[in-house]
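Student: Here is my input, please return the structure:
(one chain, ligands or ions: 3)
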Amino acid sequence: MTALTLSTAAVAGLRADAIVVGVAKGAKGPVLAPGAEAVNKAYDGGLADVLETLGASGGEGEVTKLPAPARFKAPVVLAVGLGAAPEKGADTAYTEEVLRRAAGSAARALGGAKKAAFALPLTDAAAAGAVSEGVLLGGYVFDVYKADTGNGRNAKGPLGEAVLLGVKPRDKAYRAALERATTVSEELNRARDLINTPPNDLDPEAFAAVATAAAKEHGVKVQVLDEKALTKGGYGGLLGVAAGSAAEPRLVKLAYTSSKAKKSLAFVGKGITYDSGGISLKPAGHNETMKCDMSGAAAVFAAVIVAARLGLEVNVTGWLALAENMPSGSATRPGDVLRMYSGKTVEVLNTDAEGRLVLADAIARASEEKPDAIVDVATLTGAMMVALGNRTYGITANDDAFRTSVYEIAEEVGEPAWPMPLPEHLMKGMESSTADIANVGERMGSGLLAGLFLREFVGEGITWAHLDIAGPAFNEQAPFGYTPKGGTGTAVRTLVRLAERTADGDLG
Ligand code: BES
Ligand code: MN
Ligand code: ZN
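Tutor: Residues are numbered from 1 along each chain as shown. Ligands and ions are numbered 1, 2, ... in the order given. I've put the predicted structure just below:
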């Protein structure tokens, strides 16, 4: 990952591959963002005009490279677009998310470079934290499976070093912001690695091994239930989904505890390492990216490790519900009835609605420990993608105030999300003539229905929210801002901020 440093050095003398400045879209053409003053001076105050001549507008994510002034040690100035300029008089009001995205676009464009200096508006430590996250997340590359070029890895790795200009290297608040950003980004990028790892190399056992090693490294208690233990414990959901696969399921419990904690959170992640649909097989065109179906578990894993590394004063338990959904002679059939961990029976009418089955067991198990709140994260339904598109996740909950809090936190960290309802009348469609409930119901509103199904397994009186990240978990399109192609790590930052808020006593 890119190394981050702070510096108050004069820009002209900096030895770097590029100097990054921000340019926004003004009413009459591109305008420079604060932080670029010294660079602009070296262009005799005409940098915005030069950029306009080159066709730059300041639009979000736009990258324009131009030769640096002759007396600069760095050869290139890279202007990154910030989008619409803030209203007049408020020229420092670039939001954290605007800075995070711009830093991400710049870092991606600088892939393979050794060092770049960022002359962006770092008006406070939070802004520096956002730029740091943007650089570290935007520079992410997944090249483990690419041909080795001799340097151990593929040629164009991430930017080597990012120098944030205009801040004293010893400033405590800024240093803390950089440190937090580094911790969050390291774990978020590890979650992306897990999501991007092909399913022939990441089965439930392999995922559990990665989680176990990380937990041990960071003082998190870990417990792994294998098939034998799951059978003994009566985890019919996890076992039923894994029945068709040659790979065994796992339930991983990661427990981070703080001696100063007043509250406890449980995070539950869907960890289907590959979702073929099972006997209700997905058609070609729908299964090529289904290695991403463990993105919820990857996010939960990352969030617990971050909580531990930051030493948050809250107890956080992560539950990774890991299984592979495959068709075979031993697979669960549409029509089979599973006895779940909670004791409820479920008639499986569609084996492709498998996420709710593994989650139901994990949510019921998590409920036994009576946490103050449960948040589950899952690539659960195509319907949520249809409703919200592929950049926004849906939030449902059994508590409106908690749903609002989660939504506000998601907004704040730059993870687009939207609150969705749980219409009671949809319960009717899940009535089963044989079992307590069926795993599917009417097609209309099936993203909401999945939430209603999960709600049945939440312990009495426990606040719960469900994040359906099927849309934003995996980016099949071109990279944008700090979001790469492939696994995105969506929901990690929401969970981390939720844990921080809970630790601070800001939430119920
Ligand atoms: N993993 C899928 C949902 C999904 C789809 C995630 C696309 C990411 C991208 C989930 O297990 C699934 O198959 N859901 C079904 C449920 C249906 C059978 C009720 C769906 O949404 O079609
Ligand atoms: Mn499925
Ligand atoms: Zn699935």
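Student: quick one: secondary structure of Val440?
Tutor: With DSSP: H, G, I helix; E, B strand; the rest coil as the basis, the three-state label of Val440 is coil.
Student: and it, what does it touch?
Tutor: The contact partners of Val440, taken as Cβ atoms under 8 Å, 6 or more residues apart in numbering, are Leu349, Asn350, Ala353, Gly429, Met430, Ser446, Leu449. Any C-beta I mention is one placed from the backbone N, CA and C, and that applies to glycine too.
Student: From those residues, which land in helices?
Tutor: In helices, defined here by DSSP state H, the members of these are Ser446, Leu449.
Student: got a markdown table for the contacts of Val440, with distance to ligand 3 and neighbour count too?
Tutor: Formatted as a markdown table, those follow (distance: Cβ to the ion, whole Å; neighbours: other Cβ atoms under 10 Å):
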| residue | distance to ligand 3 | neighbour count |
| --- | --- | --- |
| Leu349 | 15 | 17 |
| Asn350 | 11 | 14 |
| Ala353 | 8 | 24 |
| Gly429 | 20 | 16 |
| Met430 | 18 | 20 |
| Ser446 | 13 | 20 |
| Leu449 | 15 | 25 |
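Student: In a markdown table, list the contacts of Val440 along with pLDDT and distance to Lys65.
Tutor: Shown next, in a markdown table, are those (pLDDT from 0 to 100; distance: Cβ to Cβ, whole Å):
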| residue | pLDDT | distance to Lys65 |
| --- | --- | --- |
| Leu349 | 98 | 56 |
| Asn350 | 98 | 51 |
| Ala353 | 98 | 49 |
| Gly429 | 97 | 56 |
| Met430 | 98 | 56 |
| Ser446 | 97 | 47 |
| Leu449 | 98 | 50 |
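Student: got a list of what Met290 touches?
Tutor: Taking Cβ under 8 Å, 6+ apart as the criterion, Met290 is in contact with Pro199, Ile272, Tyr274, Asp275, Ser276, Lys282.
Student: Tell me the buried residues in stretch 192-203?
Tutor: If you call a residue buried by 16 or more other Cβ atoms under 10 Å, then stretch 192-203 has these buried ones: Arg192, Asp193, Leu194, Ile195, Asn196, Thr197, Pro199, Leu202, Asp203.
Student: Kindly apply the preceding question to stretch 80-100 instead.
Tutor: Using 16+ other Cβ under 10 Å as the test for burial, stretch 80-100 gives Val80, Gly81, Leu82, Gly83, Ala85, Pro86, Tyr94, Glu96, Glu97, Val98, Leu99, Arg100.
Student: right, and the first one touches Arg100 too?
Tutor: I take that to be Val80. No. Val80 lies out of contact with Arg100 (Cβ atoms under 8 Å); the separation is 11.7 Å.
Student: Could I get the full set of helices for the stretch 351-500 of the chain?
Tutor: Taking DSSP state H, counting those that start in this stretch as the test, the helices found in the stretch 351-500 of the chain are 355-367, 382-388, 400-413, 446-455, 492-503.
Student: For the second one, name the packing helices and strands.
Tutor: The helices and strands touching helix 382-388, judged by 3 or more Cβ pairs under 8 Å, 6 or more residues apart in numbering; DSSP states H and E, are strand 393-397, helix 446-455.
Student: related to what we said a few turns ago, could the helices of the stretch 351-500 of the chain be laid out in CSV, adding distance to ligand 1?
Tutor: As requested, the helices of the stretch 351-500 of the chain are exported to CSV (distance: least, Cβ to the nearest ligand atom, whole Å):
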stretch, distance to ligand 1
helix 355-367, 5
helix 382-388, 3
helix 400-413, 18
helix 446-455, 5
helix 492-503, 17
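Student: just those: most buried one?
Tutor: Among the helices of the stretch 351-500 of the chain, ranked by average contacts under mean count of other Cβ atoms under 10 Å, first place goes to helix 355-367 (a mean of 28).
Student: How many residues are close by Glu179?
Tutor: Other residues near Glu179 come to 15 when the count uses other Cβ atoms under 10 Å.
Student: got the contact list for the closest residue to ligand 3 within the stretch 401-508 of the chain?
Tutor: As assessed by Cβ to the ion, ligand 3 sits closest to Ala470 within the stretch 401-508 of the chain, at 8.3 Å. By Cβ under 8 Å, 6+ apart, the residues touching Ala470 are Ala378, Thr379, Leu380, Thr381, Gly382, Met384, Met385, Tyr393.
Student: 7 Å instead?
Tutor: Listed by Cβ atoms under 7 Å, 6 or more residues apart in numbering, the contact set of Ala470 reads Thr379, Leu380, Thr381, Gly382, Met384, Met385.
Student: Report pLDDT for the residue lying closest to the last one once chain neighbours are set aside.
Tutor: So that's Met385. Nearest residue to Met385 in three dimensions, chain neighbours excluded: Gly471, at 4.3 Å (Cβ to Cβ, 6 or more residues apart in numbering). On pLDDT, Gly471 comes in at 98.
Student: State whether Gly471 and Thr392 are indeed in contact, as I suppose.
Tutor: Yes. Look at Gly471 against Thr392 with Cβ atoms under 7 Å: they come within range, at 6.0 Å.
Student: Compare neighbour counts for the two and give me the winner.
Tutor: Taking other Cβ under 10 Å, Gly471 and Thr392 do not tie; Gly471 has more neighbours (24 against 19).
Student: Tell me how far that one lies from ligand 2.
Tutor: Applying Cβ to the ion, to the nearest Å, the value for Gly471 to ligand 2 is 15 Å.
Student: List the contacts of that residue.
Tutor: Shown in contact with Gly471 (Cβ under 7 Å, 6+ apart): Met384, Met385, Leu388, Gly389, Asn390, Arg391, Thr392, Tyr393.
Student: now for those, which pair is the farthest apart?
Tutor: For the contacts of Gly471, with distances taken as Cβ to Cβ, the pair at the greatest spread is Met384 and Arg391 (12.1 Å).
Student: now do the same end-to-end measure for stretch 223-236.
Tutor: 19 Å (Cα to Cα, to the nearest Å).
Student: My error: substitute stretch 367-375 in the last question.
Tutor: Distance between the two ends of stretch 367-375: 11 Å, counting by Cα to Cα.
Student: What are the buried residues along it?
Tutor: Buried residues in stretch 367-375 (16+ other Cβ under 10 Å): Ser367, Glu369, Pro371, Asp372, Ala373, Ile374, Val375.
Student: now do stretch 17-30
Tutor: For stretch 17-30, the neighbour count (16+ other Cβ under 10 Å) marks Asp17, Ala18, Ile19, Val20, Val21, Gly22, Val23, Ala24, Lys25, Gly26, Pro30 as buried.
Student: export those to CSV and tack on pLDDT, distance to ligand 2 and secondary structure?
Tutor: Output for the buried residues of stretch 17-30, formatted as CSV (pLDDT from 0 to 100; distance: Cβ to the ion, whole Å; DSSP: H, G, I helix; E, B strand; the rest coil):
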residue, pLDDT, distance to ligand 2, secondary structure
Asp17, 98, 45, coil
Ala18, 98, 44, strand
Ile19, 98, 48, strand
Val20, 98, 42, strand
Val21, 98, 46, strand
Gly22, 98, 42, strand
Val23, 98, 44, strand
Ala24, 97, 43, strand
Lys25, 97, 42, strand
Gly26, 95, 47, strand
Pro30, 97, 46, strand
